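Chemist: no sequence for this one, just the structure:
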């Protein structure tokens, strides 16, 4: 059975708002952080997105043709699943829309042979799948800044006991934290 792994970047106070990334993500760039991100993407053979994350990433990555940042070729060739009841068409190559029976479809994907399945960002989707008990691992890149406001990754009503299974301190105080459900 394939593992379903959440991969997200956030601040110490849980903000992952793309609109404010210039304040909390960009200043903490390092080769070590780039390596962790690249390794994660390259280890997956399927990626699941919520609609908002898909619509944010698809135009950018689908336009890259020279394996930019060492991951463009993988992101363009890997099987992608976008969970949405409103998206009309998924134009990024190798993309499939999951409209109905979301939990059952994700469980079915986990049963297929292959490597891990990653969920990139996609907070609303992660919250739903957390409540359904379908997440096998959470990988967070935590940046040492508190924004004090913005979109939080975990919202009201999401509860899950987690066990730290791995961690690494990266440059500039960024922490890579890996958790499994307790």
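Modeler: Now that the structure is in, tell me what you want to look at. Here the structure is a predicted model, which is why all the values come from computation and not from measurement.
Chemist: give the contact list for the residue nearest in space to the middle of the chain.
Modeler: Closest residue to the average C-alpha location of the chain: residue 120 at 1.7 Å, with CA atoms, centre = their mean. The contact partners of residue 120, taken as CB atoms under 8 Å, 6 or more residues apart in numbering, are 7, 8, 47, 48, 49, 53, 57. For glycine as for every other residue, the C-beta is placed from the backbone atoms N, C-alpha and C.
Chemist: Give me the nearest residue to residue 147, chain neighbours excluded.
Modeler: residue 15 (4.3 Å; CB to CB, 6 or more residues apart in numbering).
Chemist: From residue 161, how far off is the one you found?
Modeler: 22 Å (CB to CB, to the nearest Å).
Chemist: before we move on, what about residue 140?
Modeler: 16 Å.
Chemist: higher neighbour count, those two?
Modeler: Taking other CB atoms under 10 Å, residue 140 and residue 161 do not tie; residue 140 has more neighbours (19 against 7).
Chemist: May I have the beta-bridge partners of that one?
Modeler: Beta bridges link residue 140 to residue 8, residue 177 when assigned by DSSP bridges.
Chemist: Now for the residue nearest to residue 147: which residues touch it?
Modeler: So residue 15 contacts 24, 147, 149, 150, 151, 152, 153 (CB under 8 Å, 6+ apart).
Chemist: Out of these, the closest to residue 78 would be?
Modeler: Nearest to residue 78, judged by CB to CB, of those is residue 153 at 22.9 Å.
Chemist: Just the element for residue 118, please.
Modeler: strand 116-120 (DSSP states H and E).
Chemist: Which residues belonging to that strand are considered buried?
Modeler: Within strand 116-120, the residues that qualify as buried are 116, 117, 118, 119, 120, counting by 16 or more other CB atoms under 10 Å.
Chemist: Give me the mean pLDDT for that strand.
Modeler: For strand 116-120, the mean per-residue pLDDT is 96.
Chemist: list the helices and strands the following helix or strand past that strand packs on?
Modeler: Using DSSP H and E, the helix or strand that directly follows strand 116-120 along the chain is helix 123-131. Applying 3 or more CB pairs under 8 Å, 6 or more residues apart in numbering; DSSP states H and E, we find helix 123-131 packed against strand 4-11, strand 44-50, helix 102-111, strand 116-120.
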